[in-house]
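S.K.: Show me the folded form of this:
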Amino acid sequence: MKKGESAITFVFSLIFLAIVITIFYALFLLSSVNKANFSINQVSLSDVNINLINYLRTPLNTTTVYDLMINSYYNNDYRELETLSENIFNRVYDNERCPLWNIKGEINNEKFFEFESKFDARKYTLSQNPRNFLRIFTDDYLATRSSSFDIVFPDNKKAKITLLEGCVE
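M.R.: Here you go, the predicted model:
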């Protein structure tokens with residue numbers, strides 16, 4: 001091979017190497033353009049969980065609602081728990097802003113108690129004007145949220161307490 005021919009192949013190999021490096025660099029830049037960007041706009045905590053936890057921690061004479069729930073289960077008498085739950089939730093959820101609340105307890109997917117507000121769905125589904133039969137729904141609608149909390153009974157039974165609330169949006 002002559003000296004000029006080897007110099008030409010060396011120049012072409014440098015050009016080829018430069019093209020390959022440019023292509024890889026372009027691919028690297030193009031792939032990094034589509035990165036997903038995340039930003040935190042608002043930090044909040046579900047107040048339903050706080051309400052449920054506070055309900056379970058509500059103090060009674062010398063115990064809490066949690067203890068009353070366990071005693072009610074073993075004595076199979078839920079009257080005191082029902083009265084207390086209605087008093088607590090009717091004060092927390094007013095009839096105008098949050099008319100719907102429901103709390104229930106389950107062990108092995110079997111309900112052992114359930115209490116709920118006196119909620120009338122017709123207030124939110126039927127028109128207030130009886131002559132206006134074209135308008136079926138009101139402007140107000142209920143947004144429901146649910147939260148649950150697992151508790152363990154003294155005999156290692158696992159109970160699931162669920163709170164459902166419906167508030168006007």
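
S.K.: Might you report the residue contacts of Glu116?
M.R.: Contacts for Glu116 (C-beta atoms under 8 Å, 6 or more residues apart in numbering) come out as Leu100, Trp101, Asn102, Ile103. All C-beta atoms are positioned from the backbone trio N, CA, C, and that covers glycine.

S.K.: For the nearest residue to the last one once chain neighbours are set aside, list each beta-bridge partner.
M.R.: The spatially closest residue to Ile103, leaving aside those adjacent along the chain, is Leu163, at 5.1 Å (C-beta to C-beta, 6 or more residues apart in numbering). In this entry, Leu163 is beta-bridged to Ile103, Ser147, by DSSP bridges.

S.K.: tell me the contacts of the closest residue to Glu106 other than its chain neighbours?
M.R.: Spatial nearest neighbour of Glu106, chain neighbours left out: Lys160 (4.8 Å); criterion: C-beta to C-beta, 6+ apart. Contact analysis of Lys160 by C-beta under 8 Å, 6+ apart lists Gly105, Glu106, Ile107, Ser148, Phe149, Asp150.

S.K.: let's see 6 Å
M.R.: For Lys160, the contact set (C-beta atoms under 6 Å, 6 or more residues apart in numbering) comprises Glu106, Ser148, Asp150.

S.K.: Tell me the confidence at it?
M.R.: Note on Lys160: pLDDT of 92.

S.K.: Next, it: phi, psi?
M.R.: Backbone torsions for Lys160, taken as degrees, to the nearest 10, come to phi -120, psi 120.

S.K.: Likewise for Asp94?
M.R.: Here is the backbone geometry of Asp94 (degrees, to the nearest 10): phi -80, psi 160.

S.K.: burial of it, as a residue count?
M.R.: Neighbourhood size, Asp94 [other C-beta atoms under 10 Å]: 10.

S.K.: isn't there a strand covering Pro95?
M.R.: One thing to correct before we go on: residue 95 is Asn, not Pro. No - read with DSSP: H, G, I helix; E, B strand; the rest coil, Asn95 is coil and lies in no strand.

S.K.: Burial check on it, number of neighbours?
M.R.: 13.

S.K.: One more: the one 10 residues further on?
M.R.: Gly105 is surrounded by 21 other residues when neighbours are defined as other C-beta under 10 Å.

S.K.: Can you name the element that comes right after the host helix or strand of it?
M.R.: Using DSSP states H and E, Gly105 sits in strand 100-107. For strand 100-107, the succeeding helix or strand toward the C-terminus, using DSSP H and E, is strand 110-116.

S.K.: could you give the mean pLDDT of that next one?
M.R.: On average, strand 110-116 scores 91.
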